[in-house]
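[1] Just the structure for this:
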Amino acid sequence: MRLRFLSTLAAMALWAATSSAAFVGTVTNASVGGMIASQGPVWAPPASISLSWNIFETGTPGLWHYEYTLVTPSGGEMSHFILEMSANVTSNTQIQGLTGVGVDDGIGDYGPSGSNPGIPGAIHGFKFGAANGTTTTWSFDIERAPMFGDFYTKDGNPNAAWNTGFGGPRLTFDPNNYSAGTNIYSQILVPDSSPFVTSAPAPPSIVLLASAGVFGLGRLIRRRTVLVA
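    Numbers count the residues shown, from 1 in each chain. Model prediction:
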């Protein structure tokens, strides 16, 4: 009975030690050093625009939850939003449980056109549909861990916005050295090509609990081995 308890304790502690933290961040064009470029009579600076994200692994290993919130000026509601995704995201069905907005054209390749004024270049991503109001929050699940990437969005007029690092060298996403905050990065977190989990460091108390559980389990196994011998 004690062996089973220690086994369960060790398993739970190790799972907690390797579970992923939430990765959050915000980019704006409202402050000096803002990471959003924008254009148009309503969205151009000094108008205030912000995009925030909250990304974490769900209770299902390899399934990640992505949530974004876009805030735009009054009179400039989002018409569509293109979120970069890895090239191996090829079907709309890979996006699970979408809430908050609808699907426009879904997954595809997008670039400069009358529908995307000011977009700096081509992007493979998911095109989400229009929103009502100036604050739009939407979320979905996908079997893809995060990486850094690009976004582009516009309203029903020439107003448009995108990250300042659009099309540039991809930043390296290191979950152990990720900084949450505002205008830290010129790219945002988007779905990568694999569901594999790269865990953030666990709090020392969790690591200690895991170590204690494994140590206790090892001592009990050795003790039983000696008694049997």
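[2] where along this structure do the helices fall?
    2-18, 204-228 (DSSP state H).
[3] Which stretches in this structure count as strands?
    Taking DSSP state E to define them, one finds strands in the chain at 23-28, 36-39, 50-57, 64-71, 78-84, 96-99, 103-110, 123-128, 135-142, 146-149, 151-155, 160-163, 188-191.
[4] what residues are up against G97?
    By Cβ atoms under 8 Å, 6 or more residues apart in numbering, G97 lies in contact with 139-141. Bear in mind the C-beta positions are built from the backbone N, C-alpha and C, glycine included.
[5] Turn these into CSV, columns for pLDDT.
    Listed next are the contacts of G97 as CSV, based on pLDDT from 0 to 100:
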residue, pLDDT
S139, 98
F140, 98
D141, 98
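[6] follow-up on the earlier one: tell me which of the strands of the chain approaches P117 most closely.
    strand 160-163 (5.3 Å; Cβ to Cβ).
[7] Please list the outside residues in contact with that closest one.
    Here strand 160-163 has contacts from 27, 29, 35-40, 43, 49, 72, 116-120, 150-154, 186-188, using Cβ under 8 Å, 6+ apart.
[8] For PyMOL, what selects the buried ones among these?
    To isolate the buried members of the contacts of strand 160-163 in PyMOL, using 16 or more other Cβ atoms under 10 Å:
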select buried, resi 27+29+35+36+37+38+39+40+43+49+72+116+118+119+120+150+151+152+153+154+186+187+188
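[9] Quick check: the gap between the residue nearest the centre of the chain and P41.
    Taking Cα atoms, centre = their mean, the centroid of the chain lies closest to I55, which sits 3.8 Å from it. I55 sits 33 Å away from P41, going by Cβ to Cβ, to the nearest Å.
[10] And for the closest residue to the residue nearest to the centre of the chain other than its chain neighbours, the neighbour number?
    The spatially closest residue to I55, leaving aside those adjacent along the chain, is F23, at 4.7 Å (Cβ to Cβ, 6 or more residues apart in numbering). Burial of F23 is recorded as 21 neighbouring residues (other Cβ atoms under 10 Å).
[11] Let me know the pLDDT of F23.
    Predicted confidence (pLDDT) at F23: the value is 97.
[12] What of the one 5 residues further on?
    T28 carries a pLDDT value of 96.
[13] Please list all residues in contact with it.
    Neighbours of T28 in contact, by Cβ under 8 Å, 6+ apart: 34-36, 48-51, 182-183.
[14] Now pLDDT and distance to F196 too, for those, in a markdown table please.
    As requested, those are arranged in a markdown table below (pLDDT from 0 to 100; distance: Cβ to Cβ, whole Å):
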| residue | pLDDT | distance to F196 |
| --- | --- | --- |
| G34 | 90 | 33 |
| M35 | 96 | 27 |
| I36 | 96 | 30 |
| S48 | 90 | 37 |
| I49 | 95 | 33 |
| S50 | 96 | 30 |
| L51 | 97 | 26 |
| T182 | 94 | 29 |
| N183 | 95 | 29 |
